[in-house]
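[1] need a structure here:
(chains A and B)
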2 protein chains.
Amino acid sequence: MARIALDVMGGDHAPVAPIAGALLALRELDPVHTLQLVGRAQLIEEQLNLLLRGEFADFAHARDRLAIIEAPDVIGMSDKPSAVVRGKQHTSMVVGLKLQSAGKSDAFVSAGNTGAQMAASTMLLKLQPGVTRPAIGTVLPTALNAVVIVDSGANVDCSGEELLQFARLGAVYAEDILDRRDPVIGLLSVGEEPEKGSAAVKEAHRYLRKSDLNFQGNIEGRDIVAGASHRGPIDVVVCDGFVGNVVLKFYEAVAPMMLSLLRKAGFTAEELDRAFRGFDYSDYGGAPLLGVRGVSIISHGNSTPRAIKNAILVALRAVESHMTEHVGRRLELATRGRA
Amino acid sequence: MARIALDVMGGDHAPVAPIAGALLALRELDPVHTLQLVGRAQLIEEQLNLLLRGEFADFAHARDRLAIIEAPDVIGMSDKPSAVVRGKQHTSMVVGLKLQSAGKSDAFVSAGNTGAQMAASTMLLKLQPGVTRPAIGTVLPTALNAVVIVDSGANVDCSGEELLQFARLGAVYAEDILDRRDPVIGLLSVGEEPEKGSAAVKEAHRYLRKSDLNFQGNIEGRDIVAGASHRGPIDVVVCDGFVGNVVLKFYEAVAPMMLSLLRKAGFTAEELDRAFRGFDYSDYGGAPLLGVRGVSIISHGNSTPRAIKNAILVALRAVESHMTEHVGRRLELATRGRA
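    Reported below is the predicted structural model:
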């Protein structure tokens, strides 16, 4: 059984989207699992009652699998990450993550301020041994299978050594969450030849070649979309968080733009839904912060209830596969291998 | 009148695609302009005769506006850029660019080895005063107007100062080729706040703020697709060549992938062509190498005759708008401004 804490105050559509997402998740989860709704207790109680009397009227028994945890303070989307660490101590983020560090919760999910979530997760859950910076692993749909891109936004200037760490973190993610065996790692660059790329990427290429990872070599922008290079399928795309963030935001915007062109050309929403099934980002819900000793899932600020539900399912998957311990073992092995 | 040299030996479909592209271009160009076909003269003569007897049978008079320039050596797509400089001296690239440096040609277009074209252009045309590295400016279709992205692949590790140079080069390009007045510059980053981004991007942000350019601030991946941020439309996207290359290759692959999904869902090619009119990359043809003292247009290796034709039109536009002199004046002004 897993206990998953949800930041009810985070995201553009809080508190309704997180609470509705929690109810959607409970519908799918085995009844042994429980959710902890963290935020302003009175507000949560009110919204929950509204939903249980309205859209979720058939689902009043879900109430037993929900705990409400009081957290009076709120972190704004524009608050600096340092605010969460030094400032407000009773925010839903700090309270939710402290539940986990105190052993009273197994995972934390938030659609709130990403920088604050990273800072609070690092501070309260601590980093895995050998990890210098946590990274975000985001799943992207491709023409083939989905790939996980690490880092998709946590770290902007990265060394070759850090890119190697991202590859290790991504490999565990691909094994535990995407069910890939011996995941194939692609290093994002501007050409497939080892001598192409920035100084950090060239350095990472050398480290990856010597590592125990299933490294395919450099890949290019087009290979992300294909989910494969001409050498075969890819499971993990490794890049720094600057490039990863640009690609992610770019990708998120391309599909809606093309859909709008198609709508203008007279195609119906139903026709398009059918064509692009499997291409909805909310299918993938949440991106784990990798490298911390615990489970902290970052959801998009504009998450819908469906996206929140999927983030909760990712959290459960991470708990059940013991991803945290798995990352720890892999990093320990890597360190020993070098000793 | 302009004399435009075309590398007939460059690209995946050489020599047929360049020669057919030249004929397509002559159909559209004012008859005062001439083209110089550079490569193995006998091969060119043969292919040209085939086309003029077949597909272009109605267009035999075009022959008068075509000069054939002998260049016996060929640069392979995998040859190192240094090979063109130190090695083969009679390649179509070197011969074509030497025509320009000798005042016998006004522009050069190639779909061949990009690294070699950059090296040869820098060596033979020389850099503009104050430019430390040439950059590639590529036009991307967006939901709004097309934007030019600089640098789209020439330079992988860039300083803030170099990003500022790219902004100046891109501004001239947007004015001369895209007809934008006082072009709006967006600096690609991971958030709109000035303190977001890599060290080089943060430095570039400070330089751009103080510059005479119409700087809108940081933009994000999604704003490229939109052709605008929430602060308004963008004309020029500034980034290093690593990010630019990844974004470009990513974008080029997304549209075909989505089209293939739509085809699988039963949409016809005709329906889709209608919807995506204006989204064909070959519409934009060629990307000028900015910062050299002359016109050198880089075409995609897999350019079709239509793409080559459009690259020739871009070359003509650059010649007629005196883009090279315009870049020179703008850079000189910028240097004086700082003195």
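
[2] longest helix in chain A, please.
    Longest helix in chain A, counting residues (DSSP state H): helix A:241-264.

[3] and that one, what's its mean pLDDT?
    Helix A:241-264 carries an average pLDDT of 87.

[4] check stretch A:24-31 too.
    The average pLDDT within stretch A:24-31 is 94.

[5] next: stretch A:92-112.
    Per-residue pLDDT over stretch A:92-112 has a mean of 97.

[6] how about residue A:174, nearest residue that isn't a chain neighbour?
    Nearest non-adjacent residue to residue A:174, counting by C-beta to C-beta, 6 or more residues apart in numbering or on different chains: residue A:183, 3.7 Å away. No exception for glycine: its C-beta is placed from N, CA and C like everyone else's.

[7] what residues are up against that neighbour?
    Residue A:183 makes contact with A:170, A:171, A:174, A:175, A:214, A:235, A:236, according to C-beta atoms under 8 Å, 6 or more residues apart in numbering or on different chains.

[8] so which residue of the stretch 1-150 of chain A comes closest to chain B?
    Of all residues in the stretch 1-150 of chain A, residue A:143 sits closest to chain B, at 4.8 Å by C-beta to the nearest C-beta.

[9] need the buried ones from the contacts of residue A:183 selected in PyMOL.
    The buried residues among the contacts of residue A:183 can be selected in PyMOL (16 or more other C-beta atoms under 10 Å in any protein chain shown) with this line:
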select buried, chain A and resi 170+171+174+175+214+235+236
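
[10] pick the one among the contacts of residue A:183 closest to chain B.
    Set against chain B, the nearest of the contacts of residue A:183 by C-beta to the nearest C-beta is residue A:236 (16.0 Å).

[11] so what does the residue nearest to residue A:174 have for phi and psi?
    When read as degrees, to the nearest 10, the backbone of residue A:183 gives phi -60, psi 140.

[12] check residue A:98 too.
    Per degrees, to the nearest 10, the backbone of residue A:98 is at phi -70, psi -30.

[13] so which residues of chain A form strands?
    A:3-7, A:34-39, A:66-70, A:107-110, A:135-140, A:147-150, A:184-188, A:214-219, A:228-229, A:232-233, A:236-238, A:286-290, A:296-299 (DSSP state E).

[14] list the buried residues of the third one.
    Right, the one you point to is strand A:66-70. Neighbour-count burial for strand A:66-70 flags A:66, A:68, A:69 (criterion: 16+ other C-beta under 10 Å).

[15] which of those come close to chain B?
    Counting by C-beta under 8 Å from any C-beta of the partner chain, nothing from those sits close to chain B.

[16] quick one: those residues as a markdown table, columns for pLDDT too.
    Converted to a markdown table, those look like this (pLDDT from 0 to 100):
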| residue | pLDDT |
| --- | --- |
| A:66 | 95 |
| A:68 | 97 |
| A:69 | 97 |
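
[17] near chain B, which residues of the stretch 101-250 of chain A? Just list them.
    Proximity of the stretch 101-250 of chain A to chain B (C-beta under 8 Å from any C-beta) is limited to residues A:142-143, A:153, A:156-157, A:188-190, A:197-199, A:201, A:220-222, A:224-226, A:239, A:241-243, A:245-250.

[18] closest to the centroid, which residue in chain A?
    In chain A, the centroid-proximal residue (C-alpha atoms, centre = their mean) is residue A:287; its distance is 0.5 Å.

[19] show me what contacts the residue of the stretch 1-150 of chain A closest to chain B?
    Contacts of residue A:143 by C-beta under 8 Å, 6+ apart are A:225, A:226, A:227, B:257, B:260, B:261.

[20] switch the cut-off to 10 Å
    By C-beta atoms under 10 Å, 6 or more residues apart in numbering or on different chains, residue A:143 lies in contact with A:224-228, A:279, B:253-254, B:256-258, B:260-261.

[21] for the stretch 51-200 of chain A, which segments count as helices?
    Assigned by DSSP state H, counting those that start in this stretch, the stretch 51-200 of chain A shows helices spanning A:81-86, A:92-101, A:114-125, A:160-176, A:199-210.

[22] from the contacts of residue A:143, pick the one nearest residue A:138.
    residue A:224 (11.4 Å; C-beta to C-beta).

[23] so the closest one makes contact with residue B:251?
    No: applying C-beta atoms under 10 Å as the test, residue A:224 and residue B:251 come out as separate, 11.1 Å apart.

[24] so what sits against both of the two?
    With C-beta under 10 Å, 6+ apart as the test, residue A:224 and residue B:251 both reach residue A:251.

[25] what pLDDT does residue A:304 get?
    91.

[26] and it, how far from chain B?
    Residue A:304 is 17 Å from chain B, where distance means C-beta to the nearest C-beta, to the nearest Å.

[27] just residue A:186 next, same as before
    From residue A:186 to chain B the distance is 12 Å (C-beta to the nearest C-beta).

[28] and the strands of chain A as JSON lines, adding distance to residue B:3?
    Listed next are the strands of chain A as JSON lines, based on distance: least, C-beta to C-beta, whole Å:
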{"stretch": "strand A:3-7", "distance to residue B:3": "65"}
{"stretch": "strand A:34-39", "distance to residue B:3": "71"}
{"stretch": "strand A:66-70", "distance to residue B:3": "76"}
{"stretch": "strand A:107-110", "distance to residue B:3": "62"}
{"stretch": "strand A:135-140", "distance to residue B:3": "47"}
{"stretch": "strand A:147-150", "distance to residue B:3": "47"}
{"stretch": "strand A:184-188", "distance to residue B:3": "41"}
{"stretch": "strand A:214-219", "distance to residue B:3": "40"}
{"stretch": "strand A:228-229", "distance to residue B:3": "41"}
{"stretch": "strand A:232-233", "distance to residue B:3": "47"}
{"stretch": "strand A:236-238", "distance to residue B:3": "45"}
{"stretch": "strand A:286-290", "distance to residue B:3": "54"}
{"stretch": "strand A:296-299", "distance to residue B:3": "57"}
